[in-house]
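how would this look folded up:
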Amino acid sequence: MNSLFLCDIDGTLLCRDAPLGAEVINAARDFTAAGGLLSLCTGRSVPAAAAVAAALGVNLPCILYGGAALYDFAAQKFLYVHPFPSGVLQGATAVLQGHPAVSMQVFTAQDAYVLRRNTRLNTRGVREENTAPLSSLCDVEGAIIKLVMCGDNIAELAYCRRYFPTESCDFAFASRNFVDVVARGCSKADAMKELSQRLSLPFSCFIAAGDAMTDLPMLRLAGKSFAPANACEAVREAAGHVVPDVREGGMAEAFHMAARWLQDT
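Okay, here's the model as predicted:
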């Protein structure tokens, strides 16, 4: 049975201030040339993940928006989108009104809206998702599928959890200073389960790689797993293998190892 490599982008494949390395690209393509299946599992939107998907030569639909959508880059279409119930706007409004230091980005299947910026978003956020002029909630068109907030005060970010009811929203720290909010049941691990069902592949055939707490559940589900050395401690401890830091192109080692496993089966 084939192996499916499911890989996070930010902090795993690349850093914000550096391009995807040639060694990582070549290693990923060696993996697919050996018969492996390759997909991305990321919080990024379609435009922000497209260049990475093209460079690596992914050969399966990709999990985007933190698990809220499955997108086929080859066919250029969504296979599913899981939007929030309408009440998520109340939570976004509460953050905007009560926490002026917290940034706010709103994603629909069609667009990415920036409702408020701060220094951390401008220096550490995904560039492709922070280029539009500032908008207001009234400007948002279409069903909302993801919110992203960031700030310097971690306690303040954690406080914002109360604005997003647990029965309808998954609120999770994607990194120390960034929070992703998606509809309940739309985490990366939930999307991995759906991909497993669609492809009739058991979790034992999955290889997962990630660096953040939002990646932890999918690493635990996968038959084999990787984390770069820069990952948080809990993620490194959960991963089956720790590869060099993302700044050293550590995922090249992971893809090469996965290709060898394929050849040995």
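
in stretch 258-265, what counts as buried?
Going by neighbour count (16 or more other CB atoms under 10 Å), the buried part of stretch 258-265 is 258, 259, 262. For glycine as for every other residue, the C-beta is placed from the backbone atoms N, C-alpha and C.

Confirm for me that the first one is in contact with residue 6.
To tie it back to what came earlier, the one meant is residue 258. No - the criterion here is CB atoms under 8 Å, and residue 258 misses it with residue 6 at 11.0 Å.

what residues do those two have in common as contacts?
residue 207 (CB atoms under 8 Å, 6 or more residues apart in numbering).

Show me the protein divided up by domain.
Annotated domains of the chain cover 4-81+187-264, 88-183 [automatic domain parsing].

distance between the ends of the longest one?
Pointing back at domain 4-81+187-264 there. 15 Å (CA to CA, to the nearest Å).

Please compute how far that domain lies from its chain's middle.
9 Å (CA atoms, centre = their mean, to the nearest Å).

What sits closest to the residue most central in space within the chain if chain neighbours are left out?
For the chain, residue 42 is the residue whose C-alpha lies nearest the centre (CA atoms, centre = their mean; 1.9 Å). For residue 42, ignoring the flanking residues on the chain, the nearest one in space by CB to CB, 6 or more residues apart in numbering is residue 9 at 4.3 Å.

follow-up on the earlier one: same list (the buried residues of stretch 258-265) but as JSON lines, adding pLDDT.
Formatted as JSON lines, these follow (pLDDT from 0 to 100):
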{"residue": "258", "pLDDT": "97"}
{"residue": "259", "pLDDT": "95"}
{"residue": "262", "pLDDT": "90"}
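
Tell me where the chain is predicted with low confidence.
For the chain, applying pLDDT under 70 flags the ranges 1, 17.

and the longest helix for it?
Assignment by DSSP state H gives helix 251-264 as the longest helix of the chain.

So which residues make contact with that one?
When contacts are defined by CB under 8 Å, 6+ apart, helix 251-264 is touched by residues 3, 5, 7, 12-13, 21, 23-24, 26-28, 30-31, 34-36, 207, 209, 224, 226, 228, 241, 243-244.

and what of stretch 184-192?
6, 8, 41, 63, 66-68, 70, 82, 166-170, 172, 203, 206, 208, 210, 214-215, 217-218, 220-222.

quick check: angle from the helix or strand where residue 50 lies to helix 251-264?
Using DSSP states H and E, residue 50 maps to helix 46-56. If you take axes from the mean of the first three to the mean of the last three CA atoms, to 10 degrees, helix 46-56 sits at 60 degrees to helix 251-264.

Use 20 as the first number from now on
That works, and once the first residue is 20, the last one we named lands at helix 65-75.

What ranges does the stretch 170-284 of the chain have for its strands?
Taking DSSP state E, counting those that start in this stretch to define them, one finds strands in the stretch 170-284 of the chain at 188-194, 197-202, 225-228, 243-247, 260-262.

Just give me the neighbour total for residue 84.
Residue 84: 28 surrounding residues under other CB atoms under 10 Å.

which ones are touching it?
Residue 84 touches 62, 63, 64, 126, 164, 165, 201, counting by CB under 8 Å, 6+ apart.

Kindly report the same for residue 98.
Counted by CB under 8 Å, 6+ apart, residue 98 has contacts 80, 89, 90, 91.

Among those, which one lies nearest to residue 105?
Residue 105 has its nearest neighbour among those in residue 89, at 22.6 Å by CB to CB.

hang on, the earlier thing: could you dump the strands of the stretch 170-284 of the chain into TSV with mean neighbour count and distance to residue 150 added?
Formatted as TSV, the strands of the stretch 170-284 of the chain follow (neighbours: other CB atoms under 10 Å; distance: least, CB to CB, whole Å):
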stretch	mean neighbour count	distance to residue 150
strand 188-194	20	20
strand 197-202	26	18
strand 225-228	27	28
strand 243-247	26	27
strand 260-262	19	32
